[in-house]
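**Student:** Return atomic coordinates for the entry below.
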Amino acid sequence: MRSLLVCLREYPPVFLQALARIWALEELAPSKNELAEQLASEMLRPGAVAPIIEMLSIEAREALARVVTDEGAMRGYLLTRRYGKIRPLGPNPLLRLQPWTNPDNPLEALYYRGLLYRTYDALGDYRGEILFLPPQLMATLPGMNYTAPSFNVLSTSAPDSKLLDGDALAMDVFTLLTYLRRETVHSGKGAFLGARDIATLEQRLRGETSQERMHLIQRLMRRAKLVVSERSLVRPGPQAQEWLRSKPFDRSHVLFQAWRSDKGGHELHSINGLRWESTGRPHDASIPREAILSYLAQCPTGAWISIPSFIKALKTANPDFLRPSGDYDSWYIRDTEAKRFLTGFESWDQVEGRLIAHIITNPLRWLGAVTIGEKNGATPQIAFRLSPMGLAFLGLASPEPQPEESRTFALGQDYLVRVPMNANLYDRYQLERFTEWQEERDGILFYHLTRASVWRGRAQGIEIRQMIAFLHRVTATTLPDEVAHAMEEWGNHYGKITLREVILLQTQDAATMRQLREQTPLADLLKEQLSPRTMLVDEGNLDLVVKQLKQMGHWPQVEGKESRRKKGK
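**Tutor:** Prediction:
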């Protein structure tokens with residue numbers, strides 16, 4: 001930072017003369033530069049600063065202590081936000097207003113007494129207005145310490161109603177994995193389930209089916225590598241089996257960590273009434289999440305906390321948790337109801353405040369980390385507290401003892417498999433490969449063993465003997481003989497007739513076909529020969545066959561559904 005003398009030389013004579021009177025100089029030097037030198041010498045004299053500090057208000061001393069504690073330089077907005085702005089006044093307004101006699105705020109009291117200076121420069125990764133103390137002047141100050149405001153939240157009485165999702169999100173992830181195992185779901189950017197898929201699943205899902213929650217589930221499944229894209233289809237990934245075999249708490253913890261560390265999926269895009277218009281600059285969504293979690297960890301364990309109180313406390317302790325640079329003007333966040341942009345720190349409650357409330361009442365509730373409570377009355381009050389699972393997520397407590405998972409199902413002569421709610425998820429996952437989910441009733445899940453479901457399992461490569469062995473294991477050998485016989489009979493009827501999706505390759509004459517069959521690697525892509533001019537090609541190899549034919553100098557005519565995809569281009 002610049003020296004005291006350099007700073008003083010930049011001031012107009014009227015300001016230097018005012019400072020000279022404040023610092024009790026008796027005879028003033030005739031020229032501006034000489035006066036600046038004279039004033040700098042006096043200001044740096046041991047003991048000279050003490051009476052000046054004595055004239056300051058408590059708030060002005062606090063502001064000065066903040067600068068000293070921050071090693072003599074601070075981002076300007078951190079001070080102006082709390083202590084007011086310094087008016088930019090030229091020589092004539094200075095002479096007319098004489099702000100040193102009646103400063104508008106604590107910062108002006110410091111600035112117009114020569115105890116604070118400003119410049120526009122870089123400070124770390126910040127570039128903008130900096131308020132600072134010249135090092136020589138700072139060395140003369142008495143010891144000053146600033147204690148940042150503590151994080152204090154208000155607890156409230158127990159609510160009238162409570163909402164806790166628990167492990168509902170993890171169970172819905174399980175349901176989606178079973179769905180992806182048996183259905184064809186095409187991959188795409190972002191969410192992979194369509195409205196029809198969600199409507200099909202709705203009866204089985206434990207939690208709400210809002211768009212935001214369903215998008216969150218799908219995003220977390222990708223991030224946790226529970227699903228992968230294979231040949232444009234979404235399928236359960238290699239991590240899915242390990243996840244299914246893990247303990248209930250561990251399954252939820254995996255999903256929580258996937259959300260916590262996710263740099264994308266910013267909740268600011270999901271708040272009703274706000275529209276965040278992208279400027280192309282990346283914004284790490286994990287930064288505000290991590291900040292909110294760090295303050296949640298400071299809340300009294302087991303206490304119900306008023307959400308407005310939590311927002312107010314976070315605003316006092318760390319107002320820039322969302323925008324660390326302090327830039328409140330270039331994020332282009334629009335209030336869709338008022339149809340205006342929310343700019344400046346004065347919009348903090350409408351942006352940051354709403355974001356805090358949204359993260360607590362939506363993602364953190366869905367993840368099972370908090371319980372939401374509401375007190376009835378003319379003005380409903382919303383409160384929250386960390387759940388036992390949330391305390392464990394944040395390392396504040398050990399996970400609660402995990403109940404043993406049941407590995408015993410019951411299969412009756414009605415072909416219904418009865419599964420307890422606490423059944424091992426991996427066993428349920430395997431069961432769903434060759435049964436049909438029916439309903440949940442009185443804490444029991446019902447799966448129906450049918451001819452169609454067994455054939456579906458056979459289509460996935462499961463042998464009848466494997467299905468029967470599995471049912472013997474999970475039903476503790478209570479598999480009825482007639483059920484086993486029926487499954488074997490159904491299995492005998494599977495695969496006697498085969499339907500395949502293939503491409504028919506035809507040539508104008510047999511000679512051309514013989515030429516194609518002699519060419520490698522094209523010959524490896526050709527399957528059964530139906531006639532001297534006709535062969536079968538697997539549908540999945542169409543692109544490769546077309547490419548090979550073109551390299552040989554042939555331009556094939558593609559007919560049927562593939563022609564609409566313009567394969568001949």
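**Student:** Which residues are in contact with Ala452?
**Tutor:** Counting by Cβ atoms under 8 Å, 6 or more residues apart in numbering, Ala452 touches Glu436. Backbone N, C-alpha and C define where each C-beta goes, glycine included.
**Student:** Work out for me the element it sits within.
**Tutor:** helix 451-459 (DSSP states H and E).
**Student:** Break down the stretch 1-150 of the chain into its helices, ranges please.
**Tutor:** Secondary structure of the stretch 1-150 of the chain (DSSP state H, counting those that start in this stretch): helices at 4-9, 13-22, 32-43, 49-54, 58-69, 76-83, 91-97, 106-111, 135-138.
**Student:** Dump those helices into JSON lines; add mean neighbour count as well.
**Tutor:** Output for the helices of the stretch 1-150 of the chain, formatted as JSON lines (neighbours: other Cβ atoms under 10 Å):
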{"stretch": "helix 4-9", "mean neighbour count": "19"}
{"stretch": "helix 13-22", "mean neighbour count": "18"}
{"stretch": "helix 32-43", "mean neighbour count": "18"}
{"stretch": "helix 49-54", "mean neighbour count": "14"}
{"stretch": "helix 58-69", "mean neighbour count": "19"}
{"stretch": "helix 76-83", "mean neighbour count": "20"}
{"stretch": "helix 91-97", "mean neighbour count": "13"}
{"stretch": "helix 106-111", "mean neighbour count": "23"}
{"stretch": "helix 135-138", "mean neighbour count": "17"}
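**Student:** Which one of these lies nearest to Phe384?
**Tutor:** Of all these, it is helix 76-83 that lies closest to Phe384, at 27.6 Å by Cβ to Cβ.
**Student:** how does this protein divide up, domain by domain?
**Tutor:** If you go by automatic domain parsing, the domain ranges for the chain are 4-138, 151-399, 410-492, 502-565.
**Student:** and the closest residue to Leu115 other than its chain neighbours, what does it touch?
**Tutor:** With sequence-adjacent residues excluded and distances taken as Cβ to Cβ, 6 or more residues apart in numbering, Leu115 is closest to Leu64, at 6.1 Å. Residues in contact with Leu64 (Cβ under 8 Å, 6+ apart) are 53, 56, 110, 115-116, 141, 144.
**Student:** Turn the buried ones among the residues you listed into a named PyMOL selection, would you?
**Tutor:** To isolate the buried members of these in PyMOL, using 16 or more other Cβ atoms under 10 Å:
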select buried, resi 53+56+110+115+116+141
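**Student:** The contacts of Leu64 in strands, which ones?
**Tutor:** Per DSSP state E, strands hold no members of the contacts of Leu64.
**Student:** coming back round to it: as JSON lines, the domains of the chain with mean pLDDT would be great.
**Tutor:** Formatted as JSON lines, these follow (pLDDT from 0 to 100):
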{"stretch": "domain 4-138", "mean pLDDT": "93"}
{"stretch": "domain 151-399", "mean pLDDT": "92"}
{"stretch": "domain 410-492", "mean pLDDT": "92"}
{"stretch": "domain 502-565", "mean pLDDT": "86"}
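**Student:** follow-up on the earlier one: tell me which residues of the helix or strand that comes right after the helix holding Ala452 come out buried.
**Tutor:** Counting by DSSP H and E, the next helix or strand C-terminal to helix 451-459 is helix 464-474. For helix 464-474, burial by neighbour count (16+ other Cβ under 10 Å) applies to 464, 467-468, 470-471, 474.
**Student:** was I right about Leu137 contacting Leu5?
**Tutor:** No: between Leu137 and Leu5 there is no contact, the gap being 10.3 Å when judged by Cβ atoms under 8 Å.
**Student:** Kindly calculate the angle that the helix holding Ala452 makes with helix 464-474.
**Tutor:** Counting by axes from the mean of the first three to the mean of the last three Cα atoms, to 10 degrees, helix 451-459 points 110 degrees away from the direction of helix 464-474.
**Student:** list the buried ones in helix 451-459?
**Tutor:** Buried-residue list, helix 451-459, by 16+ other Cβ under 10 Å: 453-454, 456-458.
**Student:** Ok, stretch 528-545 next?
**Tutor:** 535, 537, 541-542, 545.
**Student:** Can you give the distance of the lengthiest helix in the chain from its chain's centre?
**Tutor:** The single longest helix within the chain, with elements called by DSSP state H, is helix 168-182. Remark: helix 168-182 is offset 21 Å from the chain centroid, using Cα atoms, centre = their mean, to the nearest Å.
**Student:** List of residues touching it?
**Tutor:** With contacts defined as Cβ under 8 Å, 6+ apart, helix 168-182 is touched by 185, 193, 197, 200-201, 204-207, 213, 217-218, 220-221, 226-227, 234-236, 240, 244, 248, 251-252, 255, 366-368, 425, 428-429, 432-433, 456, 460.
**Student:** hmm, try it at 7 Å
**Tutor:** By Cβ atoms under 7 Å, 6 or more residues apart in numbering, the residues outside helix 168-182 that reach it are 201, 204-207, 217, 221, 226-227, 234-236, 240, 251-252, 255, 366-368, 425, 429, 432-433, 456.
**Student:** Quick check: buried residues in it?
**Tutor:** Within helix 168-182, the residues that count as buried by 16+ other Cβ under 10 Å are 168-180.
**Student:** mind listing the helices for the stretch 301-450 of the chain?
**Tutor:** Using DSSP H, counting those that start in this stretch, helices in the stretch 301-450 of the chain cover 307-317, 348, 354-361, 363-366, 388-393, 425-431.
**Student:** which of those helices is buried the deepest?
**Tutor:** helix 363-366 (a mean of 24; mean count of other Cβ atoms under 10 Å).
**Student:** and that helix, how far from the chain's centre?
**Tutor:** The gap between where helix 363-366 is centred and where its chain is centred comes out at 11 Å by Cα atoms, centre = their mean.
**Student:** Counting by contacts, list what it packs against.
**Tutor:** Applying 3 or more Cβ pairs under 7 Å, 6 or more residues apart in numbering; DSSP states H and E, we find helix 363-366 packed against helix 211-223.
**Student:** List the buried residues of the helix it packs on.
**Tutor:** By 16+ other Cβ under 10 Å, the buried positions in helix 211-223 come out as 212-214, 216-223.
**Student:** How about stretch 405-421?
**Tutor:** In stretch 405-421, counting by 16+ other Cβ under 10 Å, buried: 409, 411, 415-419.
**Student:** again with stretch 383-403
**Tutor:** Neighbour-count burial for stretch 383-403, counted by 16+ other Cβ under 10 Å, picks out 383-394, 399.
**Student:** Which pair in those residues has the greatest spatial separation?
**Tutor:** Farthest apart among the buried residues of stretch 383-403 by Cβ to Cβ are Ala383 and Pro399. That separation is 24.3 Å.
**Student:** would a markdown table of the buried residues of stretch 405-421 with distance to Gly353 be doable?
**Tutor:** Formatted as a markdown table, those follow (distance: Cβ to Cβ, whole Å):
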| residue | distance to Gly353 |
| --- | --- |
| Phe409 | 50 |
| Leu411 | 55 |
| Tyr415 | 56 |
| Leu416 | 52 |
| Val417 | 50 |
| Arg418 | 49 |
| Val419 | 45 |
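**Student:** Go through those and name the one nearest Val502.
**Tutor:** Of all the buried residues of stretch 405-421, Val502 sits closest to Tyr415, with 35.9 Å by Cβ to Cβ.
**Student:** So for the closest one, what's the nearest residue that isn't a sequence neighbour?
**Tutor:** Leu449 is the one closest to Tyr415 (Cβ to Cβ, 6+ apart), at 4.5 Å.
**Student:** That concludes my questions; thank you for your assistance.
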